[in-house]
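K.L.:
coordinates only, no sequence provided:
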């Protein structure tokens, strides 16, 4: 069966926005979403593991991460709406067939996400009580970590299925009855799925490490200097480990599982620069954290802010690389860039105003938190 037969190439009307606009906000929205998403994807399991240790500073770090997790989860979910919206608008012909093949798992994201959200709140409220953490609250933290890892795995399946048009017929035939799909397929036979999922987890570890440095400099001013100095050292160790994980998974993903046509583009000409930049992007934040290590004092605010900017840049470069690879792997079955366009200006203007206002509001809230955290305890 030709995979193109599963793609509806007809559009009643053209795209409501230029493809460059769709691609821009798909990239920007995903980069913004990745920051808090990484923190609950890798930071939440890490925090729960640290609660098992005997080190006082590790448990203090875990408590800080878990207390922040409800807000981080809310930010990640809301920022995630933007790239999900634009992938449905610009990639509808491949997005919907892919997610229909795995419909029950895709709908299951909500079933997993809601209790994970409540579980994070249950654990955070237990921290606020000032009493010993009860067993059921502790269990809620572990359950939330497991559920969010499962959500990440389902999303990795969905995005890799979008690109795996070659595998659609087999998935459909294996999970259908008289032409009607059961919606129970997963893209686990695709060799690109596993390194892609592991690559994202390695990148999430580096984001968590960068956040630890930022938190210790900007939000943990009331914590003892010993903790903030320890957090600086631990963030460097975690970033080093995460970067090594990211490079190993990235090498597996690109060198072993990319199709020959994708390698031909991404390893030659101008696109080679993007491939190299994506692989080397975490080096900037790692070098900044390395520069802070010789001093015994906690990391300074300016240096921590540079670490955050460098990490955001690393996430943005990797998102750009992934977006272009996505194009290359979909192109044999459907040309995203050649779709007709009928721009609808009024929704675009409303979206832009709401997007800018939302970013401004989030920035203002973070500024207020940083300002309060930097004041003396009595204030």
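P.N.:
Nice, thanks for sending it over. For clarity, every value in this text was computed on a predicted model and none was experimentally measured.
K.L.:
any stretches of the stretch 101-250 of the chain with poor pLDDT?
P.N.:
Within the stretch 101-250 of the chain, the stretches with pLDDT under 70 are 129-130.
K.L.:
what ranges do the helices span in it?
P.N.:
103-128, 135-163, 168-174, 193-214, 225-251 (DSSP state H, counting those that start in this stretch).
K.L.:
ditto for the stretch 251-379 of the chain
P.N.:
260-266, 271-280, 282-292, 301-330, 345-373.
K.L.:
minimum distance to residue 210: which of those has it?
P.N.:
Checking the helices of the stretch 251-379 of the chain against residue 210 by C-beta to C-beta gives helix 301-330 as the closest, at 4.0 Å. From N, CA and C alone the C-beta is placed, and that goes for glycine too.
K.L.:
isn't residue 175 right up against residue 183?
P.N.:
Yes. Residue 175 lies in contact with residue 183 (C-beta atoms under 8 Å); the separation is 7.4 Å.
K.L.:
any common contacting residues for the two?
P.N.:
residue 101 (C-beta atoms under 8 Å, 6 or more residues apart in numbering).
K.L.:
most tightly packed of the helices of the stretch 101-250 of the chain?
P.N.:
Among these, judged by mean count of other C-beta atoms under 10 Å, the one packed with the most neighbours on average is helix 193-214 (a mean of 24).
K.L.:
could you list which residues are in contact with residue 204?
P.N.:
Contacts of residue 204 by C-beta under 8 Å, 6+ apart are 37-39, 41-43, 242.
K.L.:
same check on residue 99?
P.N.:
106, 158, 161.
K.L.:
now with 6 Å, please.
P.N.:
Counting by C-beta atoms under 6 Å, 6 or more residues apart in numbering, residue 99 makes contact with 106, 158.
K.L.:
on the three-state scheme, it is what?
P.N.:
helix (DSSP: H, G, I helix; E, B strand; the rest coil).
K.L.:
excluding its backbone neighbours, what's nearest residue 88?
P.N.:
residue 95 (5.7 Å; C-beta to C-beta, 6 or more residues apart in numbering).
K.L.:
what sits against the one you found?
P.N.:
Contacts of residue 95 by C-beta under 6 Å, 6+ apart are 87-88, 162.
K.L.:
report the separation between it and residue 330.
P.N.:
Note on residue 95: its distance to residue 330, by C-beta to C-beta, to the nearest Å, is 10 Å.
K.L.:
how close does residue 352 get to residue 154?
P.N.:
31 Å.
K.L.:
actually residue 289, sorry about that
P.N.:
Going from residue 289 to residue 154 by C-beta to C-beta gives 32 Å.
K.L.:
what does residue 309 give?
P.N.:
For residue 309, the distance to residue 154 - C-beta to C-beta - is 31 Å.
K.L.:
equivalent analysis for residue 18, please.
P.N.:
Using C-beta to C-beta, residue 18 is found at 31 Å from residue 154.
K.L.:
now stretch 270-282, how far from the centre of its chain.
P.N.:
Centroid separation for stretch 270-282 versus its chain: 19 Å, with C-alpha atoms, centre = their mean, to the nearest Å.
K.L.:
should've said stretch 57-77
P.N.:
So, by C-alpha atoms, centre = their mean, the centroid of stretch 57-77 is 16 Å from its chain's centroid.
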